[in-house]
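Asker: Any chance you could fold what I've pasted below:
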Amino acid sequence: MKVMFDEIRNNKIKSWVLAFFFIILIGFLGGAIGYFYNNIYVGLSLAIIFGIIYSMIAFRSGDKMILSMSGAKPVTKKEYPHLYHTVEGLSVAAGLPAPKAYVIDDTALNAFATGRDPKNASITVTTGLMNKLNRQELEGVIAHEMSHVKNYDVRFMMLTAVLVGIITLLSDFLLRSFLWGGRHRRSSSSSGGGQAAIILIVVGLALAILSPLIGEAIKLAISRKREYMADANGAALTRYPPGLASALKKISKDPDPLVDKANKATAHLFISTPFRKKHGLMVRMFATHPPIHERIKRLEQM
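Answerer: This next block holds a predicted model:
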């Protein structure tokens, strides 16, 4: 148990270090935009202000937007008593306020948690998951999502997604500036810029192209790490690792894993990738989840 808590602490430290890296990257993009328009400090200041405002809006209403995009509907005790009581019972065991329960009408086997903290969190499952899993398997999945809530994964992953969004918007703006305003910038730099200005433009252009890819890769790396921890914590919460392992086996064999209303912005939140399975180096690099067979193997060894 001590090893588990040490790993959680280490993951949180590493995650905040990566979040700091995101902020530095946003600063570089702002500075590059400012340099392009002959005022680095104005560009840097505007990027930071934009980032703060965008983050605050997403922090306050990001979970509601995610639920709306996913087509999730709130659960009533009368309509889904088993799901309602499972969420309620596991929240007591975890020492948390009961998250709100939602359902997506979809045949795919999947689930996710979202929110900004344990007091403002929700757990969503598909109707396909409820129809195919038995009681112990469903408890394992809900416990996995409850662990995301307890470890504040839901908050951090939402903020990380916001930061990636900011980087993508700033990169797109910088790239468009180079493509459509490059002629003006080159003429101004040729009068007194020399080779240093050309190098800075090349670096800025490379940053504009690579920043979204770097940000997305980092976000997904964090997501994969946290899936392993949520599996371990969820198994500890139910005291029955085979329940979650069996649920993941059924999820891995789902003939149609596509969640109709899932998209790239929300994919990392689900317990398993909500898209059809593909293979290849780039697919593995930008995968939202670790290999499901490896997750099952770790649970079976607990």
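Asker: From the rest of the structure, what touches the host helix or strand of Ile123?
Answerer: Using DSSP states H and E, Ile123 maps to strand 120-126. By CB atoms under 8 Å, 6 or more residues apart in numbering, the residues outside strand 120-126 that reach it are 63, 67, 70, 72, 83, 87, 97, 99-115, 138, 141-142, 145-146, 149, 154, 259. C-beta here means a position set from N, CA and C on the backbone, and glycine is covered the same way.
Asker: rerun that using 6 Å as the cut-off
Answerer: 72, 87, 99-102, 104, 106, 108, 110-115, 145, 149, 154 (CB atoms under 6 Å, 6 or more residues apart in numbering).
Asker: Next SSE downstream of the helix-or-strand element of the chain with minimal mean pLDDT?
Answerer: In the chain, no helix or strand scores lower on mean pLDDT, DSSP states H and E than helix 281-285, which sits at a mean of 52. Following helix 281-285 in sequence order, the next helix or strand is helix 292-300 (DSSP H and E).
Asker: Tell me which other helices or strands that following helix touches.
Answerer: helix 194-238, helix 241-252 (3 or more CB pairs under 6 Å, 6 or more residues apart in numbering; DSSP states H and E).
Asker: Compare the ones you listed and say which comes out lowest on pLDDT.
Answerer: Of all the helices and strands packed on helix 292-300, helix 194-238 carries the lowest average pLDDT, namely a mean of 72.
Asker: low-scoring pLDDT stretches of the protein, where are they?
Answerer: 1-12, 14-15, 18-19, 178-205, 207-208, 211-212, 214-223, 276-288 (pLDDT under 70).
Asker: Try it again at 50.
Answerer: 183-184, 186-192 (pLDDT under 50).
Asker: chain center to the strand holding Ile123: distance?
Answerer: Its chain's C-alpha centre and that of strand 120-126 lie 15 Å apart, by CA atoms, centre = their mean, to the nearest Å.
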